[in-house]
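Trainee: Kindly generate the corresponding structure for this input.
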Amino acid sequence: DSVQIEAIPACINYNQMASNITSSSADLTWDYTGTNCFNVEYGPTGFIQGTGVGALSGTVDTNVTAPYSLSGLSPNTSYDFYVQNCCNNTWEGPFTFQTECTGPLAAGTYSVGPTGDFATMDSVISTLNVCGIAGAVTFELQNGSFTGGTIGAVSGVSATNTITLSGATAANDTLGALVLEGASYVNLEDLYISASSGFAVRLNGTSYINITGNTIETSNAASTSNIAIVASSSPTSYSSATSGEEYITISNNVLKGGYFSIAFYSSLANQGANHDVVISDNEITDAYYYGLYIYYARNFEITGNTIHNFSNTYNYTGYLYNIDGVKFTGNHSSSYYSLLAYYLSTSTLAAFDSEITNNMFSDGYYGMRIYYGSALGVYHNTCVGSYYGLYDYYNGSATDIRNNIFQGVTYALYSYSSSWRLDYHL
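Mentor: Below is the predicted model of the structure:
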């Protein structure tokens, strides 16, 4: 065998590493040939070296010497760095290190973006999940697009120590798909959350979540894996029940797209797992098939929503199945199959009586359908269908249907094998 030995090139750097890492600083070292003169570019992991802009840009320090110290870094953040000899046009890297926590994040308002307290949402989420919080914290997004991620069970949260993600006033911010996994006391406010497909916001074993004043959007393609807000233990299946979602408020949002706009799925054995959920004053639009899909639940208040503009001809305002304690009140829907309510009831475990009241159902084949109701009040609704106004099927004697307006071209009221109280209708 022949062995060839060559001299080390005259102008290179090698053996790059970071050491003495703290929450805000790190020492960068490398070996080299040539003169001790270098350019260093660094930034949050994933930044685009040389050409990145905004959140994807790095910081360039020129004509530095080895070793070189970085300061002013964000805690619990992953960084990349590149090194270039002054006598060579080649950049070496990326090389990655992670800063330490400073302890739980102090209470306060933090900006997120290229000039913010946190450069990326990745660093925000990492800090929450790893370091925890010591008080109520708010993260305001600057202009730009931010990747989403998964917020878990954050140490230090409570009814007073809350986590708020917010779109800053007049900012043009876009946040990618977000997962709350075992999270509690989280507020999502004034955000534009967008997923090109899939789940835009997924809840999995959460409590005390407030989703208010946002625009949340996903694809309305004909796939059940597209949902604006879903409770699911799976990243792709709406019917993978979670351990339970409790004390959830979804209010004053615009929800766009999805095969379902909102879906909460459970089972008879775990009927009360999803409970105390308020869905109010939202505009639910451009869904493919279902505005609402609630399957086995307890104590759901669905009030003041506008549900319309489906992308598919055949669609449902809502599919409510086996809910113990539900208030469906003051909603306005325009839908082909309208509301289908199965097995709505009121047990001693419910916090309030089940009722469907003061709603407007129009522009569909059915005005409203109610099957197998028990201890259910249906009052002061307007139900207009091209064929049926109200389709009543096997509702029990404790179901009370009064003071409604039913209009249907063929049947204003169609009733089959029911024993409920019925009176005072137009």
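
Trainee: okay, and for the stretch 101-250 of the chain, where does confidence drop off?
Mentor: Counting by pLDDT under 70, the stretch 101-250 of the chain contains low-confidence ranges at 169-171.

Trainee: Strands along that one, start to end?
Mentor: 108-112, 137-141, 144-146, 149-151, 163-167, 173-175, 178-181, 184-189, 192-194, 199-204, 207-212, 215-217, 227-231, 246-251 (DSSP state E, counting those that start in this stretch).

Trainee: buried set for the second one?
Mentor: Same thing as strand 137-141. Buried positions in strand 137-141, judged by neighbour count with 16 or more other CB atoms under 10 Å: V137, T138, F139, E140, L141. Glycine gets a C-beta too; all of them are placed from N, C-alpha and C.

Trainee: Make CSV out of these and add distance to S19.
Mentor: Output for the buried residues of strand 137-141, formatted as CSV (distance: CB to CB, whole Å):
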residue, distance to S19
V137, 30
T138, 34
F139, 30
E140, 34
L141, 33
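
Trainee: nearest to G244, of these?
Mentor: Distance to G244 across these (CB to CB) is lowest for V137, with 25.5 Å.

Trainee: Report the separation between the residue lying closest to T65 once chain neighbours are set aside and I250.
Mentor: Distance criterion CB to CB, 6 or more residues apart in numbering; nearest residue to T65, sequence neighbours excluded, is N36 at 4.8 Å. In this structure, N36 and I250 are 59 Å apart, going by CB to CB, to the nearest Å.

Trainee: same check, this time on D276
Mentor: D276 sits at a distance of 12 Å from I250 (criterion: CB to CB).

Trainee: Between these two, which is the more surrounded one?
Mentor: A direct count of neighbours by other CB atoms under 10 Å for D276 and I250 places I250 higher, at 27 against 19.

Trainee: Surely that one touches I279?
Mentor: Yes - assessed by CB atoms under 8 Å, I250 is found in contact with I279 at 4.8 Å.

Trainee: sorry, back to before: and among the strands of the stretch 101-250 of the chain, the most buried is which?
Mentor: strand 227-231 (a mean of 29; mean count of other CB atoms under 10 Å).

Trainee: What lies in contact with that one?
Mentor: Contacts with strand 227-231, where a contact means CB atoms under 8 Å, 6 or more residues apart in numbering, come from 199-204, 211, 216-218, 238, 242, 245, 250, 255-265, 274, 287.

Trainee: chain center to that strand: distance?
Mentor: What separates the centre of strand 227-231 from the centre of its chain is 7 Å, taken as CA atoms, centre = their mean, to the nearest Å.

Trainee: Name every strand pairing with it and say which way it goes.
Mentor: When pairing is defined by DSSP bridges, strand 227-231 lines up against strand 199-204 (parallel), strand 260-265 (parallel).

Trainee: Off-centre distance for stretch 383-394?
Mentor: 35 Å.

Trainee: Tell me which residues are up against that stretch.
Mentor: With CB under 8 Å, 6+ apart as the contact definition, stretch 383-394 has outside contacts at 338, 361-372, 401, 404-418, 420.

Trainee: May I see the buried residues of stretch 333-353?
Mentor: In terms of neighbour count (16+ other CB under 10 Å), stretch 333-353 has its buried residues at 333-346, 350.

Trainee: Just flag the most distant two among those.
Mentor: Farthest apart among the buried residues of stretch 333-353 - using CB to CB - are Y336 and A350, which lie 30.4 Å from each other.

Trainee: Quick one: the helices in the protein, in order.
Mentor: In the chain, helices defined by DSSP state H lie at 121-131, listed in chain order.

Trainee: for the most centrally placed residue in it, what are its contacts?
Mentor: Using CA atoms, centre = their mean, the residue of the chain that lies closest to the mean C-alpha position is V201, 2.1 Å off. V201 is in contact with A177, L178, V179, L180, L188, I193, I211, I216, A228, I229, V230, counting by CB under 8 Å, 6+ apart.

Trainee: I'd like these as a markdown table, with distance to G132 appended.
Mentor: What follows is the contacts of V201, written out as a markdown table (distance: CB to CB, whole Å):
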| residue | distance to G132 |
| --- | --- |
| A177 | 24 |
| L178 | 19 |
| V179 | 18 |
| L180 | 16 |
| L188 | 19 |
| I193 | 24 |
| I211 | 22 |
| I216 | 27 |
| A228 | 29 |
| I229 | 26 |
| V230 | 27 |
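
Trainee: And the residues you listed, which is closest to S123?
Mentor: Comparing these against S123 with CB to CB picks out L178 as the nearest, at 15.3 Å.

Trainee: Name the nearest residue to that closest one, sequence neighbours excluded.
Mentor: Leaving aside its chain neighbours, L178 sits nearest to G148 (4.3 Å; criterion: CB to CB, 6+ apart).

Trainee: The one you found is in contact with L180, isn't it?
Mentor: No - contact criterion CB under 8 Å: G148 and L180 do not qualify, at 10.6 Å.

Trainee: Okay, now the unreliable bits of the stretch 301-426 of the chain?
Mentor: By pLDDT under 70, the low-scoring segments of the stretch 301-426 of the chain are 421-426.

Trainee: so who does the residue nearest to G396 when sequence neighbours are not counted touch?
Mentor: With sequence-adjacent residues excluded and distances taken as CB to CB, 6+ apart, G396 is closest to S374, at 4.5 Å. S374 is in contact with Y343, L344, S345, T346, N395, G396, A398, T399, counting by CB under 8 Å, 6+ apart.

Trainee: tell me the contacts of G396?
Mentor: Each residue near G396 by CB under 8 Å, 6+ apart is listed here: Y372, G373, S374, A375, S418, S419, W420.

Trainee: Next, give phi and psi for it.
Mentor: Torsion angles at G396 (phi, psi; degrees, to the nearest 10) stand at phi -80, psi 170.

Trainee: distance of it from N129?
Mentor: With CB to CB as the criterion, G396 and N129 are 48 Å apart.

Trainee: Next: G50.
Mentor: Summarising the geometry, the distance separating G50 from N129, computed by CB to CB, is 31 Å.
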